[in-house]
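> I'd like to go over a predicted model; first the sequence, then the structure.
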Amino acid sequence: MNSEEIIQNAIAELKDEYRNNNDCFFNEHDLHHVFYCKLSHLGNLVRPEYPTRRRFFADKIDSEEYTSGKHSFPPRGENVPGSSRRGHYDFAILNEDFYNEFKGLSDRFERLSSKNVDTNLDQEGRKYVDIAIEFKYITGQCQRKTIEFDIFKLEEAEEARKKIFLVFIRKRGISPERYEKIINFLNKKKVESKGIQMDVIQHEDDRQVLFS
């Protein structure tokens with residue numbers, strides 16, 4: 001199987017495990033851990049918390065332009081604000097050719113980890129991240145701005161060939177009216193998202209309660 005097949009199989013397994021027993025998942029880190037364990041065949045191509053190429057004003061969450069192009073910048077340049085920062089993807093699957101190109105060099109850590117911004121400059125126009133993946137786990141409050149920013153971050157991921165956003169939601173502790181509003185919001189974003197595989201994963205009982 002290629003990397004995309006392995007990722008899609010891992011996602012399908014994680015969805016089933018969550019729907020069948022979501023009491024095992026206390027927080028988003030639990031989802032990350034189970035998912036990461038399913039990717040052993042990909043070896044060092046799998047990188048958690050991998051830096052984005054572009055820089056953002058992620059702290060301007062109250063701004064109406066929080067998720068606009070005005071707050072997205074290249075890694076370096078005269079007009080790039082010093083206060084902007086690179087974000088991170090929950091998981092990045094590195095392009096295999098990119099990995100093989102640098103894995104034997106003395107500065108392979110700096111190159112492959114993208115710690116050295118020069119790597120980003122050298123790779124302009126190249127899809128050196130094969131798959132970028134974001135997670136969100138909603139167990140109570142739905143922080144809509146953070147969800148919109150994750151989508152925006154993926155839309156701006158010019159270095160990623162494929163982009164995936166997995167949103168898990170747990171009904172317990174959320175009123176039926178608010179739950180329905182959250183689902184409607186997520187479905188709207190799913191339709192609007194550009195070039196992103198966005199999945200909204202509900203517990204089986206959640207769907208029965210909401211749509212019975």
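Structure's in. What do you need?
> what's the helix or strand hosting residue 16 in contact with?
Using DSSP states H and E, residue 16 sits within helix 3-20. Residues outside helix 3-20 that contact it (CB atoms under 8 Å, 6 or more residues apart in numbering): 1, 24-25, 31, 34-35, 38-39, 41-42, 45, 93, 96, 130-131, 133, 162, 164, 166, 168, 199, 201-204. Backbone N, C-alpha and C define where each C-beta goes, glycine included.
> now intersect those residues with the helices, please.
Residues of the contacts of helix 3-20 located in helices (DSSP state H): 31, 34, 35, 96, 204.
> got a PyMOL select line for the buried ones in these?
The following PyMOL line selects those of the ones in helices among the contacts of helix 3-20 that are buried, judged by 16 or more other CB atoms under 10 Å:
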select buried, resi 31+34+35
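> in the helix holding residue 16, what's buried?
3, 6, 7, 10, 11, 14, 17, 18, 19.
> again, but for stretch 23-37
25, 31, 32, 34, 35.
> so how far is residue 153 from the residue most central in space within the chain?
Centroid check for the chain by CA atoms, centre = their mean gives residue 134 as the closest residue, at 1.5 Å. In this view, residue 134 and residue 153 are 7 Å apart by CB to CB, to the nearest Å.
> so what sits against both of these two?
Listed as contacting both residue 134 and residue 153 by CB under 8 Å, 6+ apart are residue 89.
> do a quick rundown of the strands in the protein.
46-56, 72-73, 85-94, 129-138, 160-169, 197-202 (DSSP state E).
> which strands and helices sit next to the second one?
Strand 72-73 makes packing contacts with strand 46-56 when contacts are defined by 3 or more CB pairs under 8 Å, 6 or more residues apart in numbering; DSSP states H and E.
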